[in-house]
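In: need coordinates for the below:
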Amino acid sequence: MKCEWVQQNVLLYVYDELPDDARHELEQHVVRCKDCAAELESVKKFREGFAQFPMHEPNASFLAASRMRLQEALESAEQGGWWSRLIFDPVHWLNQIRFAPALAAAIFIVGFAGGIGATYKMVTTPVEVTPTPTAQPALATISGISSIAQQPGSNQVTIKYETVSPQETRGSLGDPNIQQLLLYAARNNFNAGVRMDSVDLLTQQPNNLHVREALLYALRYDSNTGVRLKALDSLGPFVKDDVQVRDAVLESLMSDANPGVRIEALRLLVPVRADGSVRIVLQRLAAKDENRYIRSQARTLVAQLPEMN
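Out: Reported below is the predicted structural model:
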């Protein structure tokens, strides 16, 4: 890791916006580098000084209008395909794997094996290792999670994950190791079925803040409609009291590609339809949404709203 990268990202670190693996790399770097450690300390002092000033919440209408302008700008922006991004922005692509050791290791292994395979034919037999329930898997060594299963009639969960060879761990839903693997699977697994199983189990503990963050991530970014719907349903009870959840549901209502997800998001927002941000979104949908059902339902909800003074 270079000092230049640390200095560019130290502010994100102080405000807890860096991914866990990048945070770890930065922390290891500042232990060895006095200049970067001084930079980190300076930013921390800046934050502490800035925190002494009173914080004013933005007006709800202004916040909602800003979100809508951003959404309209994103809708009108020309999106390049994944192939063009790979060809014309290799630096961005490399940065994506820079702090993903498992992915980098997988790429190295595949390339190395391909070179040897041109000359030799090798046959290996995977060895399954069953750690004790207290064993802590190193996430940096995990290349993927292959399956998740809950034992019927109990809270015992079995998770099979792969490093160089498939491994397995068992424990209850309350086991920190099991929770860590479930959170990892919800964000990083290429198998939609495994992500679905992980999110399904995480919904049993929605009051856990880390779990709720994973569900919000799944709602916003998962490519599988079923996973997004599962996350959306589990977040429904928190729409009224958790602003982050309400904002995520509003985003799904405005921009999700699946009409079913949007309709479910609209249903969850009915109890908070008088909220300023929700009101503005409903008015926009009632005026010009392309989905006839959503447009009709938004008009009905807007008509039920009390007049604003």
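In: use CA for all of it now, contacts and neighbours both
Out: OK.
In: is it true that residue 225 touches residue 258?
Out: Yes. Residue 225 is in contact with residue 258 according to C-alpha atoms under 8 Å; the separation is 7.0 Å.
In: the more surrounded of these two?
Out: Using other C-alpha atoms under 10 Å, the more surrounded residue of residue 225 and residue 258 is residue 225, with 19 against 14.
In: OK, contacts around that one?
Out: Residue 225 sits next to 258, 261 when contact means C-alpha atoms under 8 Å, 6 or more residues apart in numbering.
In: in stretch 156-173, what's buried?
Out: Within stretch 156-173, the residues scored as buried using 16 or more other C-alpha atoms under 10 Å are 156-161, 163, 166-173.
In: now stretch 214-227
Out: By 16+ other C-alpha under 10 Å, the buried positions in stretch 214-227 come out as 214-220, 222, 224-227.
In: need the distance between the two termini of that stretch.
Out: Start and end residues of stretch 214-227 are separated by 12 Å (C-alpha to C-alpha, to the nearest Å).
In: and the average pLDDT for it is what?
Out: Throughout stretch 214-227, pLDDT has a mean value of 87.
In: could the buried residues of stretch 214-227 go into JSON lines alongside secondary structure and distance to residue 233?
Out: Formatted as JSON lines, those follow (DSSP: H, G, I helix; E, B strand; the rest coil; distance: C-alpha to C-alpha, whole Å):
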{"residue": "214", "secondary structure": "helix", "distance to residue 233": "14"}
{"residue": "215", "secondary structure": "helix", "distance to residue 233": "10"}
{"residue": "216", "secondary structure": "helix", "distance to residue 233": "11"}
{"residue": "217", "secondary structure": "helix", "distance to residue 233": "14"}
{"residue": "218", "secondary structure": "helix", "distance to residue 233": "12"}
{"residue": "219", "secondary structure": "helix", "distance to residue 233": "10"}
{"residue": "220", "secondary structure": "helix", "distance to residue 233": "13"}
{"residue": "222", "secondary structure": "coil", "distance to residue 233": "15"}
{"residue": "224", "secondary structure": "coil", "distance to residue 233": "15"}
{"residue": "225", "secondary structure": "helix", "distance to residue 233": "12"}
{"residue": "226", "secondary structure": "helix", "distance to residue 233": "11"}
{"residue": "227", "secondary structure": "helix", "distance to residue 233": "10"}
